[in-house]
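Engineer: here is a sequence with its predicted model. Questions after.
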Amino acid sequence: MARKRRPTRTELREGILQGDRIVLSKAITIIESQHPEDQALGASLLDDLLPHTGGSIRIGVTGVPGVGKSTFIEAFGMFLSQHGKKVAVLSIDPSSTISSGSILGDKSRMTELAQARNAYIRPSPTGMSLGGVAHATRETILLCEAAGYDTTIVETVGVGQSETMVKEMVDFFLLLMLAGGGDELQGIKRGIMEMADALVINKADGQNVDPAKHAAEAYRGALHLFPPKESGWTVPVSTCSSLEGRDIETIWQSILEYVDTTQGNGYFSLNRNEQVLSWFKDAARQRIIDELLGDRTIHQSLGQLEQRVADRQLSVRGALSMITKEAWLQH
C-alpha cells in the first residue's frame, strides 16, 4: 500500500497558523514519528513556528486514579471554552509503554469538550518511553500555541515519574485530591505536594461536601510545614465539584493570579527558560547516546563489555572507561 503524501513544510506551517485542526494533527503525528524524513520535516517546522509559540498558559493536572481528572478537565475546559478561550488538552501516559495501549478514552471520556469548537484533545503516543512521550508533548505544546490555543492542559494519566515530567513543562501544576474520611494526608507523597501550585479537593458534592471542607483544612495545615516556594506563591487549597461545575471559576482565578504574581516578580519567564534549557540538555544527552549506540563498532564492544561485567571480569567503572575511550577514538 502506497504511503500517503507527506504534507509540505509550507502547507503545515500555513495550516497551523490558520488554526486548522486537521493540519495540526498531521503535524503532531510527524513530530512523533521516528522516520528520518519526518524528523527532519518536524525540526524545520518547529523552527518556522517558534516565533508564534509561548502564548498559552500551560497547566499540569495530576492526581491518583479515581480522583476525577477527566471529569475535572472536561468541566474546566468547557468553562474556559465558554469564556472565549482556546483549549488544548494533552496527556502523558507512561503505562502505554507496558500495555502498548493508547488513551482511547480521552475523547470518549470528554465527549462534550471533544465536540467544542474551541477545544482540541490529543492523547499521548503509544510505544514510546516516558522520555519520548514527554519530548513529543513539549513539542505538541509549541504546535498548539502556534495554532492559537491560549490555554494548554497537560494531564498525567499514569502515576510516578510522569508528575515530575509534567511539572517541568508547565507553568502551573494543579494537584487534585479526594476527601479521605478523616485521614486526609495518608498516602500522599510529600514530593508531589511540594510541586503543586494549587491543591483542589474534587468531588465536593452530595454527602462529600463537609468531608471535602475538612480535608481542605487538613491540607492547608500541612502546607504550612513546607518551605516557601521559589515563585513567591502561596499555594491555595480549594474544593470543587467537577460533576456539578461548582467552584471551577475560583480555580481559574487562582491560576490567573499566579500568572500575574510570577510575571510580576520575574519567576514566570525564569521558570520557562530553565525548563527549555533542561529539555535541551536532556535531549542532547539522549542524542549523543543514540549516536554512539548506532555506531556498529561501539555497539559490538558494548555487548562484549556487558558479558565481561556480568562474568565479574571487569568492574562497571572500568567498562565505562573503556567504552568512553573507544567513543573518543571513533569520533
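Structural biologist: Ah, there it is.

Engineer: any low-confidence regions in the stretch 101-250 of the chain?
Structural biologist: For the stretch 101-250 of the chain, the stretches with pLDDT under 70 are 101-108, 125-132, 158-161, 181-189.

Engineer: what about Glu145, which helix or strand?
Structural biologist: Per DSSP states H and E, Glu145 falls inside helix 130-146.

Engineer: what does that helix rub up against?
Structural biologist: 16-17, 24, 27-28, 31-32, 42, 46, 49-50, 52-56, 58, 88, 90, 92-94, 96-97, 120, 122, 124-125, 128, 152, 154, 161-162, 165, 168-169, 279, 282-283, 286 (CB atoms under 8 Å, 6 or more residues apart in numbering). (Glycine included, C-beta is placed from N, CA and C.)

Engineer: drop anything exposed from those residues.
Structural biologist: Neighbour-count burial (16 or more other CB atoms under 10 Å) applied to those gives 16, 24, 27-28, 31-32, 42, 46, 49, 52-53, 56, 58, 88, 90, 92-94, 96-97, 120, 122, 124-125, 128, 152, 154, 162, 165, 168-169, 279.

Engineer: follow-up on the earlier one: so of the contacts of helix 130-146, which ones are in helices?
Structural biologist: 16-17, 24, 27-28, 31-32, 42, 46, 49, 96-97, 161-162, 165, 279, 282-283, 286 (DSSP state H).

Engineer: from Glu257, how far off is Met193?
Structural biologist: Applying CB to CB, to the nearest Å, the value for Met193 to Glu257 is 20 Å.

Engineer: so between the two, which is more surrounded?
Structural biologist: Neighbour tally, Met193 and Glu257, criterion other CB atoms under 10 Å: the higher count belongs to Met193, 18 against 12.

Engineer: any idea how far Val87 is from that one?
Structural biologist: 26 Å.

Engineer: got it, and Leu314?
Structural biologist: Taking CB to CB, one finds Leu314 at 54 Å from Val87.

Engineer: looking at these two, which one has more neighbours?
Structural biologist: Each of Leu314 and Val87 has its neighbours counted (other CB under 10 Å); Val87 has more, 25 against 18.

Engineer: the more buried one: what's it in contact with?
Structural biologist: Gly77, Leu80, Ser81, Leu113, Ala116, Asn118, Ala119, Tyr120, Tyr149, Thr151, Thr152, Ile153.
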